[in-house]
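Undergrad: sequence and predicted structure, then a few things I'm wondering about:
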Amino acid sequence: MQLRELVDAVTGDEPPMSRTVDDIVAAGRRAERRRRTRFATVGAAGLVAVAVAGAVTLPTLGAKRTAGDTPALSAASRPVGAAWPDAAPFTFTFRGYDAGTLHVQDPIVASTAYQIASVYSDRHTSNDKPVTADEAESMEQKRTAAGAKPTLWAYLTVYRPGAFDPAAIKDGQNVTVAGRKAVRATLPFGLDPRNPLDPGNKLFAWEYADNAWAAVTSISGDTATPSFDDLGGLVTGLKPARPTPAPLPFTVGYVPRGYVPLQTGTHAMPGLSGIAAARGGDYGGATYTRPALPTSGLTAPFDSVEGAIRDGFHIFVTPSTSANQSPEPGAAKCYSGAARSGGFCNIWSADGSVVVQVSSEGVGGKLPQAELRRIAEGISVADVRDESTWTPAAAALTP
């Protein structure tokens, strides 16, 4: 799902003044639910899939992991000094850290060009986990109450050397922070370049190593905070850690010719959808594209740019509670998409607690249903609650 889709959902469902991060993230969830349930509204059953005998190996699940207790880096990951390692794609090379009132989490998204981690703030409320309708109403009441914390959706993207182009930042202001080259810019409302600038939306990027840049994107309900000075405080805290391949709770058995992995989510969906629901309790995912996308000249994550992915598919491994439909263990089902949005196939675990979804919606939708099903049936799932059984992304994503 592209970032603009989140904003479109907000502006389509909410009054014009509703531009808070809670609105954006909630709209993202609505868009995601619509993506999964669109066909229920036109007579299909929606997200309903189950294990096909012999097609998918899904284990009996153990105790549920506590929300938020989803470290993307193992305890063995330790700082290795000032030199940044020459790590392969789909590798985590830093850990979470604190910078004043801002708190960078461990990265959970990896790609051919970058890693992404959520950023939280003591002075703001970040809503990146599922809520019930009653909880959402209560949160809205708190948000509008006098003295309530403003909302914030922020994330740190650490790009591989040569991937980020600071000169391409529109209206970027070159500055120096802590002896590092940096650029800062105010972003448009909804992060849509067609809209006017919004003082609550900020981008701050800096060169953390030779020709390697990190960028924090901040969408705040308060135009003054975090300030550019606050975001600049993240510069000195970013340190290299022992390279750790991004682990995935599944392996693929079949990938159509020409499709290559683009990005992954560890304890999350891939890309910015994973960051928008970072504490949602999802297990993992991946996005494939055809052909491979450029790994240089970037100014934002791949899925924040409309039309960047013209032909691809997603893999999601999530709890059944992430779907609106009740599980139907013992069967697999596929659904055709709308003209421009593709379709999806779903397989549930034998006990109905885990669902595997392969979807081409939002990423070109060029794969026929039979291919989506074949991909889904070739996926093997590890023990989703035991990361020691997971597979490094580079191996997991290659048949």
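TA: Happy to help now that I have it.
Undergrad: in the stretch 201-350 of the chain, where is pLDDT below threshold?
TA: Scanning the stretch 201-350 of the chain with the threshold set as pLDDT under 70 gives 324-325, 330, 337-341.
Undergrad: ranges for the strands of it?
TA: 212-220, 240-245, 247-248, 250-251, 260-266, 284-289, 312-319, 332-335, 344-348 (DSSP state E, counting those that start in this stretch).
Undergrad: and Gly364, which of those strands is closest to it?
TA: strand 312-319 (5.5 Å; CB to CB). For glycine as for every other residue, the C-beta is placed from the backbone atoms N, C-alpha and C.
Undergrad: how much does that closest one deviate in direction from strand 260-266?
TA: Interaxial angle, strand 312-319 versus strand 260-266 (axes from the mean of the first three to the mean of the last three CA atoms, to 10 degrees): 20 degrees.
Undergrad: now strand 312-319, how far from the chain's geometric center?
TA: 11 Å (CA atoms, centre = their mean, to the nearest Å).
Undergrad: check which helices and strands it sits against.
TA: In terms of contacts (3 or more CB pairs under 8 Å, 6 or more residues apart in numbering; DSSP states H and E), strand 312-319 is packed against strand 284-289, strand 354-359, helix 369-377.
Undergrad: what do you get if the cut-off is 6 Å, keeping everything else the same?
TA: For strand 312-319, the packing partners by 3 or more CB pairs under 6 Å, 6 or more residues apart in numbering; DSSP states H and E come out as strand 284-289, strand 354-359.
Undergrad: for the residue nearest to Lys149 when sequence neighbours are not counted, list each beta-bridge partner.
TA: Leaving aside its sequence neighbours, Lys149 sits nearest to Thr125 (CB to CB, 6 or more residues apart in numbering; 4.6 Å). Thr125 has the following beta-bridge partners by DSSP bridges: Thr151.
Undergrad: right, and Thr125 touches Thr151 too?
TA: Yes. Using CB atoms under 6 Å, Thr125 is in contact with Thr151, at 5.3 Å.
Undergrad: and the two? Which one has more around it.
TA: Counting neighbours by other CB atoms under 10 Å for Thr125 and for Thr151 shows that Thr151 has the greater number, 24 against 18.
Undergrad: where do the helices sit along this structure?
TA: 3-13, 21-37, 133-144, 228-232, 271-276, 369-377, 393-396 (DSSP state H).
Undergrad: check contacts around Ser296.
TA: Gly162, Ala163 (CB atoms under 6 Å, 6 or more residues apart in numbering).
Undergrad: check contacts around the residue positioned nearest the centre of the chain.
TA: The centre of the chain sits closest to Gly274, judged by CA atoms, centre = their mean, with a distance of 2.5 Å. Counting by CB under 6 Å, 6+ apart, Gly274 touches Val109, Gly265, Ala268.
Undergrad: that one and Gly285, how far apart?
TA: 7 Å (CB to CB, to the nearest Å).
Undergrad: now do the shared contacts for these two.
TA: Common neighbours of Gly274 and Gly285 (CB under 6 Å, 6+ apart) are Gly265.
Undergrad: output the strands of the stretch 201-350 of the chain in CSV, with mean neighbour count and distance to Gly172 appended to each entry.
TA: As requested, the strands of the stretch 201-350 of the chain are exported to CSV (neighbours: other CB atoms under 10 Å; distance: least, CB to CB, whole Å):
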stretch, mean neighbour count, distance to Gly172
strand 212-220, 24, 11
strand 240-245, 19, 26
strand 247-248, 27, 35
strand 250-251, 22, 39
strand 260-266, 27, 24
strand 284-289, 27, 27
strand 312-319, 26, 29
strand 332-335, 21, 43
strand 344-348, 27, 38
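Undergrad: select, out of the ones you listed, the one closest to Thr91.
TA: Nearest to Thr91, of the strands of the stretch 201-350 of the chain and by CB to CB, is strand 240-245 at 5.0 Å.
Undergrad: who are the packing partners of the closest one?
TA: strand 91-94.
Undergrad: what average pLDDT does the strand it packs on get?
TA: The average pLDDT within strand 91-94 is 98.
Undergrad: how far off centre is that strand?
TA: With CA atoms, centre = their mean as the basis, the mean position of strand 91-94 lies at 16 Å from the chain mean.
Undergrad: convert it to PDB, retaining C-alpha atoms only.
TA: Below are the C-alpha coordinates for strand 91-94, written out as PDB (Å, rounded to 0.1, in the frame of the first residue of the first chain):
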ATOM      1  CA  THR A  91      20.400  -6.900   6.700                       C
ATOM      2  CA  PHE A  92      20.000  -4.800   9.900                       C
ATOM      3  CA  THR A  93      23.100  -2.800  10.800                       C
ATOM      4  CA  PHE A  94      21.900  -0.600  13.700                       C
END
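Undergrad: so what does that strand touch, helix or strand wise?
TA: Looks like strand 91-94 contacts strand 240-245 (3+ CB pairs under 6 Å, 6+ apart).
Undergrad: by how many degrees do the strand it packs on and strand 260-266 diverge?
TA: 120 degrees.
Undergrad: distance from the chain centre to strand 240-245, please.
TA: Chain-centre distance of strand 240-245: 20 Å, with CA atoms, centre = their mean.
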